[in-house]
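Asker: The following comprises the amino acid sequence and a computationally predicted model.
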Amino acid sequence: MVMVNKKAQASTLIFLIMVLLIFYILFLPASEREKLLGENDSTTSVFVASEPVVLLSDDVGTLTQVKEKDIEHTLTPVILEERVSAEVFAELPPFTVRKGWFFASPKEFVFSVENPALVEGGLLSFQVGQHRGLLSIKVNNVEVFDGELNDGPNVIKIKKELLQKMNVVEFAGRGFGLLARQYFFNDVKVVGDVKDLSRESVVESFIVSPEEKNALASGYLSFYAVCNRELAGTLATTLNGRLLASVVPNCNSVNRFELVGDDFVEGKNLLNFNMPSGKARLDSVVVKTKLKPTKGYVNYFNVNSSVFSRVLNNNDRVMLRVYFVDDDAQKTADLNINGILGSVDQRNALYEKDITSKTREGNNYVALTPKVAELNVVKLEVKVE
């Protein structure tokens, strides 16, 4: 009887200890309970199917298609020549210069030159009537003549270096004698040879579109130079302010200069030919651009092991969505998911495709290459849901 009671007491004690142990485990912190029971989050992941995982979200922008391999810009023929024309700087009415023992009546006048750098030189011309004695002529206080003039027409050279924007010419009798020095002048002129820059320099222009600029790899400028090498001067050629060459052109043959992508600008491009001396005609002037092949959009996304397990085990899908501008235009493009090709051909603003079978664990890529001139993509998105 005593042995039965002892066994009952032992069973009750064991039961109480087990109940206390269960409640102890339940009230332990989660991390401690996981250690005690051998639970491990790294080997078991729980996903909620309604919570999507975004693998890729990118604002793409405008994709363009390059159909041509090169584009030719044909320009008009160019004529370059050094041209000098005579210009009258001053004309005076008749006047008289006198000088005696007790009096002097010189003559002074002023003339202007708009751009002295373009004047090759000047001439002071006049007719001399009655005259007696010596005469001095100065230009800007530098003597250009001293002596006795001849009857009739006279010409005095004025050096280029003497000419300024404002110039002063002075006629004055020189020396003394029994009779006063006297000169009568008429038909007085100052003329000069002025260079005409309008024929020395020619600017041509051509337009490079945004699509051409984005795809531009290189190019060249070519023209056929009609000239006499002995008469042709140095030809300076610039594109958008950058000097391409400064050489005497190869006369009666094609001249070609290689260009790089950075030589061009989007929009208006300026090509300048300048030949300060000599003469040449440039025919068949062409700027040709060489374009890179169409390069579409490509981006990458990673699928880790946990997400990939969710796709395999939970019947979740990997969805690709491409959001286009809603412009009712045809959206046509080649689609490439990890080397598996497809296509987009629709007018709708949303393209949606299940790419679960094309997705792999680790690194993945998606590529979109336009098949129309311009494809406006608002966003591209890859999502597990």
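Answerer: That came in fine, so what should we check first?

Asker: ok but L13 is inside a strand, no?
Answerer: No: assigned with DSSP: H, G, I helix; E, B strand; the rest coil, L13 falls outside any strand and is helix.

Asker: Can you give me the distance of it to L21?
Answerer: From L13 across to L21, the span is 13 Å (CB to CB, to the nearest Å). The way it works is simple: take the backbone N, C-alpha and C, and place the C-beta from them, glycine included.

Asker: and what of R256?
Answerer: Separation of R256 from L21 (CB to CB): 94 Å.

Asker: tell me the helices in the stretch 251-385 of the chain, going along the chain?
Answerer: For the stretch 251-385 of the chain, the helices defined by DSSP state H, counting those that start in this stretch cover 305-313.

Asker: Which stretches in it count as strands?
Answerer: For the stretch 251-385 of the chain, the strands defined by DSSP state E, counting those that start in this stretch cover 253-260, 267-274, 279-291, 297-303, 318-324, 331-337, 340-346, 350-354, 362-370, 374-384.

Asker: what angle separates the third one from strand 267-274?
Answerer: Computed with axes from the mean of the first three to the mean of the last three CA atoms, to 10 degrees, the direction of strand 279-291 lies at 150 degrees from that of strand 267-274.

Asker: so what secondary structure elements neighbour strand 279-291?
Answerer: Strand 279-291 makes packing contacts with strand 70-74, strand 78-81, strand 201-208, helix 210-215, strand 216-226, strand 253-260, strand 267-274 when contacts are defined by 3 or more CB pairs under 8 Å, 6 or more residues apart in numbering; DSSP states H and E.

Asker: Which positions in that strand come out as buried?
Answerer: Within strand 279-291, the residues that count as buried by 16 or more other CB atoms under 10 Å are 279-280, 282, 285, 287-291.

Asker: which stretch in the helices and strands packed on strand 279-291 has the least confidence?
Answerer: Lowest mean pLDDT within the helices and strands packed on strand 279-291: helix 210-215, at a mean of 85.

Asker: Residues in contact with that helix: which ones?
Answerer: Residues outside helix 210-215 that contact it (CB atoms under 8 Å, 6 or more residues apart in numbering): 64, 66, 71, 264-266, 289, 291-295, 373-374.

Asker: Pass me the low-pLDDT residue ranges in the stretch 251-385 of the chain, would you?
Answerer: Nowhere does the stretch 251-385 of the chain drop to pLDDT under 70.

Asker: and Y224, how many residues sit next to it?
Answerer: By other CB atoms under 10 Å, 18 other residues sit near Y224.

Asker: Need the contacts of helix 210-215 in JSON lines (columns: distance to N336).
Answerer: Conversion of these to JSON lines gives the following (distance: CB to CB, whole Å):
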{"residue": "T64", "distance to N336": "18"}
{"residue": "V66", "distance to N336": "18"}
{"residue": "I71", "distance to N336": "28"}
{"residue": "F264", "distance to N336": "31"}
{"residue": "V265", "distance to N336": "33"}
{"residue": "E266", "distance to N336": "29"}
{"residue": "T289", "distance to N336": "28"}
{"residue": "L291", "distance to N336": "22"}
{"residue": "K292", "distance to N336": "19"}
{"residue": "P293", "distance to N336": "15"}
{"residue": "T294", "distance to N336": "13"}
{"residue": "K295", "distance to N336": "13"}
{"residue": "A373", "distance to N336": "20"}
{"residue": "E374", "distance to N336": "20"}
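
Asker: May I see the ChimeraX selection of the buried members of the residues you listed?
Answerer: Typed into ChimeraX, the next command selects the buried ones out of the contacts of helix 210-215 (criterion: 16+ other CB under 10 Å):
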select :64,66,71,264,289,291,294
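
Asker: closest to V53 among the contacts of helix 210-215?
Answerer: Using CB to CB, K295 is the member of the contacts of helix 210-215 that sits closest to V53, with 29.6 Å.

Asker: just so I know, which of the helices and strands packed on strand 279-291 lies nearest V110?
Answerer: strand 201-208 (31.8 Å).

Asker: In that closest one, which residues are buried?
Answerer: Within strand 201-208, the residues that count as buried by 16+ other CB under 10 Å are 202, 204, 206, 208.

Asker: got the contact list for the last one?
Answerer: Residues touching V208, when contacts are defined by CB under 8 Å, 6+ apart, comprise 216, 264-267, 269, 289.

Asker: With distance to T237 added, can I get the residues you listed in TSV?
Answerer: Shown next, in TSV, are these (distance: CB to CB, whole Å):
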residue	distance to T237
L216	19
F264	15
V265	17
E266	21
G267	21
N269	13
T289	17
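
Asker: Pull the most distant pair out of these.
Answerer: Longest span within these, CB to CB: G267 and T289, 13.9 Å.

Asker: picking that back up, and which of the contacts of helix 210-215 is nearest R347?
Answerer: Distance to R347 across these (CB to CB) is lowest for E374, with 14.8 Å.

Asker: No further questions, thank you.
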